[in-house]
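Asks: Any chance you could fold what I've pasted below:
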Amino acid sequence: MSDAMSITPRFNRSAEPSSPKSDVQFRLDEAMRRMAKSFERNEPHLTQAKYRDLLTKQGTTPELKPDFGNENPSERLWRTAKYQVKQDHFSRCSKIMKVAQRMRDKGHDLER
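Replies: The predicted structure follows:
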């Protein structure tokens with residue numbers, strides 16, 4: 001039995017040294033994928049909760065506006081809630097990216 005026959009390609013791929021940067025990038029990609037999937041799944045619920053909070057804080061106040069004004073306060077609150085939910089998601093994503101960047105920088109210092 002020769003050595004070439006006993007070593008499988010899977011073993012060769014596993015035996016190759018991996019750089020810390022590629023591991024960090026893989027972990028970042030996986031975290032971002034999970035965050036996007038979770039956001040798509042939970043966005044309606046989060047928006048509804050944020051809308052309820054905004055409605056509780058602001059309440060329904062009488063507004064004086066001209067007849068030609070077609071601004072609906074509930075639509076404005078709904079758009080605000082959707083915007084705030086997206087902003088929260090983007091801030092979480094940016095925190096994950098900052099941590100990944102720090103991990104890359106730390107790994108780079110370790111290689112020296």
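Asks: List the buried residues of the helix or strand where residue 33 lies.
Replies: Here residue 33, judged by DSSP states H and E, is contained in helix 20-58. For helix 20-58, burial by neighbour count (16 or more other CB atoms under 10 Å) applies to 24, 28, 31, 39, 46, 47, 50, 51, 54. For every residue, glycine as well, the C-beta is placed using N, CA and C.
Asks: now, which of those sits nearest residue 78?
Replies: Set against residue 78, the nearest of the buried residues of helix 20-58 by CB to CB is residue 51 (5.7 Å).
Asks: What are the neighbouring residues in contact with that closest one?
Replies: Residue 51 makes contacts with 77, 78, 81, as judged by CB atoms under 8 Å, 6 or more residues apart in numbering.
Asks: In helices, which of the residues you listed appear?
Replies: Among these, the ones falling in helices (DSSP state H) are 77, 78, 81.
Asks: Format the residues you listed as CSV; extra columns: neighbour count and pLDDT.
Replies: Below are those laid out as CSV (neighbours: other CB atoms under 10 Å; pLDDT from 0 to 100):
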residue, neighbour count, pLDDT
77, 19, 90
78, 17, 93
81, 20, 95
